[in-house]
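> No sequence on hand, only this structure:
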């Protein structure tokens, strides 16, 4: 499949979370616009930081008419044990330990570690560490780059971003602004 572009119909897919199985993207919409953010895995310091920031500001996304799904390369059983509760985050975490969705939507890893670093990477790492986030268990493709999509309720693509560096992922304020 080619990279997803604005105007495309996003393919519907089935997924599992750490707490539920056999869910469908189209069923997750619940009449709202879906934000799909592909990160690396839960042990990644920057991913933990991004997810905490999404959780803290989730009300802004909801008020703008959105519903967030974060896709990780994490194993659902291991993530369930780490999170402990379905209420650990106010959004669903899609578990894709085999990277099938990343491959299907051509969300590529960087060619080498140095190519992952962008102009805001060091500052973001510093903020994440200052907030107490530490690298955890490694999973999946270590060089995986993020991506973000906003889908209308019919799964047509309103926004598509394939990151060029690890820090190139919209924050909650940017996502809520894109929903308006």
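It's in. What you see is a predicted model, and the numbers here were worked out from it, not measured in a lab.
> And the worst-scoring helix or strand of the chain on mean pLDDT, what's buried?
Ranked by mean pLDDT, DSSP states H and E, the helix or strand of the chain with the weakest confidence is helix 25-28, at a mean of 94. Residues 25, 28 are the ones in helix 25-28 that count as buried (16 or more other Cβ atoms under 10 Å). In this view, the C-beta of every residue, glycine as well, is placed from N, C-alpha and C.
> What strands line up against the following helix or strand past that helix, and which way round?
Per DSSP states H and E, helix 25-28 leads on to strand 33-38 as the next helix or strand towards the C-terminus. Using DSSP bridges, the strands paired with strand 33-38 are strand 66-72 (parallel), strand 147-151 (antiparallel).
> Would it be right to say that residue 137 lies in a strand?
No. Residue 137 is assigned coil when assessed by DSSP: H, G, I helix; E, B strand; the rest coil, not a strand.
> And for the closest residue to residue 124 other than its chain neighbours, the neighbour number?
Nearest in space to residue 124, with sequence neighbours left out and distances taken as Cβ to Cβ, 6 or more residues apart in numbering, is residue 167 at 5.0 Å. By the measure other Cβ atoms under 10 Å, the count of residues near residue 167 is 19.
> ok, and residue 167, which helix or strand is that part of?
Using DSSP H and E, residue 167 sits in no helix or strand.
> Got phi/psi on it?
Note on residue 167: its backbone torsions stand at phi -90, psi 0 [degrees, to the nearest 10].
> repeat for residue 43
With angles defined as degrees, to the nearest 10, residue 43 sits at phi -70, psi -20.
> With residue 128 instead?
phi -60, psi -40.
> For residue 53, see how far away it is.
The gap separating residue 128 from residue 53 is 10 Å, by Cβ to Cβ, to the nearest Å.
> ok, those two, which is more surrounded?
residue 128 (21 against 16).
> wait, doesn't that one sit right on residue 51?
No. In this structure residue 128 lies outside contact range of residue 51 using Cβ atoms under 8 Å: 10.8 Å.
> OK, contacts around residue 80?
18-19 (Cβ atoms under 8 Å, 6 or more residues apart in numbering).
> Tell me which stretches of the protein form strands.
Shown for the chain, the strands assigned by DSSP state E span residues 14-15, 23-24, 33-38, 66-72, 92-95, 147-151, 157-162.
> partners of the first one in the sheet?
The strands beside strand 14-15 in its sheet (DSSP bridges) come out as strand 23-24 (antiparallel).
> Relative to the whole chain's centre, how far out is the partner strand?
Offset of strand 23-24 from its chain centre (Cα atoms, centre = their mean, to the nearest Å): 16 Å.
> What of stretch 92-106?
How far stretch 92-106 lies from its chain's middle: 10 Å, per Cα atoms, centre = their mean.
> Enumerate the positions of stretch 104-122 that are buried.
Quick answer for stretch 104-122 (16+ other Cβ under 10 Å): 105, 107-110, 116.
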